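Q: everything below, folded, please.
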Amino acid sequence: MSRDEARAIRDVELEKDRARYGLLAVIVSNLAIAGVAIFGVWRLEGDRAVIVGVLTAAFTAVSGMTTAYLGIKAVSNTARSIALGDGAAARREPTSTVPPAQRSQ
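A: Sure thing, here's the model as predicted:
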């Protein structure tokens, strides 16, 4: 196995570990937010206006955390594919620099 192949394998394994632990961090934080929200609702003993506020804040925090992770992961994957040259076909200049003919009426 050449050095380039070994490095590629290490890079793939590193990316898998990053994705795995990043997702684990998001899941644990979402569970912590949900746990605090459940505890808060339990301690409020029926004050509906405050319960709605607590649940809204918890939902916002969970959706924000998850969306941020997925957005950062998507941008990271896109940047990595461009850096590795997978996006070379999309970045190529058109072979012809002559604009298309326009029809007149």
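Q: so the residue nearest the centre of the chain, which of the three states?
A: When Cα atoms, centre = their mean is applied to the chain, the residue found nearest the centroid is L70 (1.7 Å). Using DSSP: H, G, I helix; E, B strand; the rest coil, the structure places L70 in helix.
Q: one more: T67?
A: T67 - assigned by three-state DSSP - is helix.
Q: just to revisit the earlier point, would you mind measuring from the residue nearest to the centre of the chain to G22?
A: L70 is 10 Å from G22, where distance means Cβ to Cβ, to the nearest Å. In short, each C-beta sits where N, CA and C put it, glycine included.
Q: one step back: let me see the confidence value for the residue nearest to the centre of the chain.
A: What the model reports for L70 is a pLDDT of 92.
Q: what's the burial count for V36?
A: 14 (other Cβ atoms under 10 Å).
Q: element containing it, please.
A: For V36, the host element (DSSP states H and E) is helix 3-44.
Q: what helices or strands is that helix leaning on?
A: If you count contacts as 3 or more Cβ pairs under 8 Å, 6 or more residues apart in numbering; DSSP states H and E, helix 3-44 packs onto helix 48-83.
Q: right, I'll call it a day here.
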